[in-house]
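>>> based on what follows, work out the 3D shape:
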Amino acid sequence: MEAAKNKPFSANSIIVSTSATIGEHALIKVDFLCNQRFTCLTLKKEYKDKFDMMFLYYYCFKLDVFCLANLNKGNFASVDMSKFYKFKFPLIDISKQKQIALTLDRFDKLCNNISDGLPAEIAARQKQYEYYRDKLLTFKEVTNE
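Here you go, the predicted structure:
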């Protein structure tokens, strides 16, 4: 990843808050501009076939924690950029990256998308209810002899 300066950032770049609201990031899917309160990460051409952007987006949650642990001391909170530029993203097989990102996408959708997550949770609880209802209401036959 590289941080670009003084030019528009390309779509599918990650914006990281490196001052003020440190510990936040987003994947921006359109070309954009940002101010100096943010650092934007864009893949270099030679890495486009080696990294999946959604994997990098999810890995940035680790970057958020790293940023919060590496602050400059002073009146205004900001990330120590000399340490920021040393942060490394793991280079693992791209098919594994895609698999990890897909799995995290599914979890994110279940947890954060009420139109998908809530019905899925209701369906799961309904199955659980039916299972226990059937178990609790199943008795051995009693014969009167």
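>>> measure stretch 63-78 end to end?
14 Å (C-alpha to C-alpha, to the nearest Å).
>>> show me where this structure has its strands.
If you assign secondary structure with DSSP state E, the strands in the chain sit at 2-3, 13-17, 25-28, 38-42.
>>> could I get those strands as a markdown table with mean neighbour count, distance to Val79 and mean pLDDT?
In short, each C-beta sits where N, CA and C put it, glycine included. Compiled in a markdown table, the strands of the chain are given as follows (neighbours: other C-beta atoms under 10 Å; distance: least, C-beta to C-beta, whole Å; pLDDT from 0 to 100):
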| stretch | mean neighbour count | distance to Val79 | mean pLDDT |
| --- | --- | --- | --- |
| strand 2-3 | 14 | 12 | 52 |
| strand 13-17 | 22 | 8 | 94 |
| strand 25-28 | 17 | 12 | 94 |
| strand 38-42 | 20 | 8 | 92 |
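>>> in TSV: the ones you listed, plus distance to Ile122.
Formatted as TSV, the strands of the chain follow (distance: least, C-beta to C-beta, whole Å):
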stretch	distance to Ile122
strand 2-3	44
strand 13-17	34
strand 25-28	30
strand 38-42	38
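>>> nearest to Asp134, out of these?
strand 25-28 (45.0 Å; C-beta to C-beta).
>>> for that closest one, which strands pair with it and how are they oriented?
Strand pairing for strand 25-28, using DSSP bridges, gives strand 13-17 (antiparallel).
>>> what angle sits between the strand it pairs with and strand 38-42?
160 degrees (axes from the mean of the first three to the mean of the last three C-alpha atoms, to 10 degrees).
>>> let's see strand 13-17 as PDB, backbone CA atoms only.
C-alpha atoms of strand 13-17 as PDB (Å, rounded to 0.1, in the frame of the first residue of the first chain):
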ATOM      1  CA  SER A  13      -8.700   3.100  -1.800                       C
ATOM      2  CA  ILE A  14      -8.800   2.900   2.000                       C
ATOM      3  CA  ILE A  15      -9.100   6.100   4.000                       C
ATOM      4  CA  VAL A  16      -7.600   6.000   7.500                       C
ATOM      5  CA  SER A  17      -8.200   8.600  10.200                       C
END
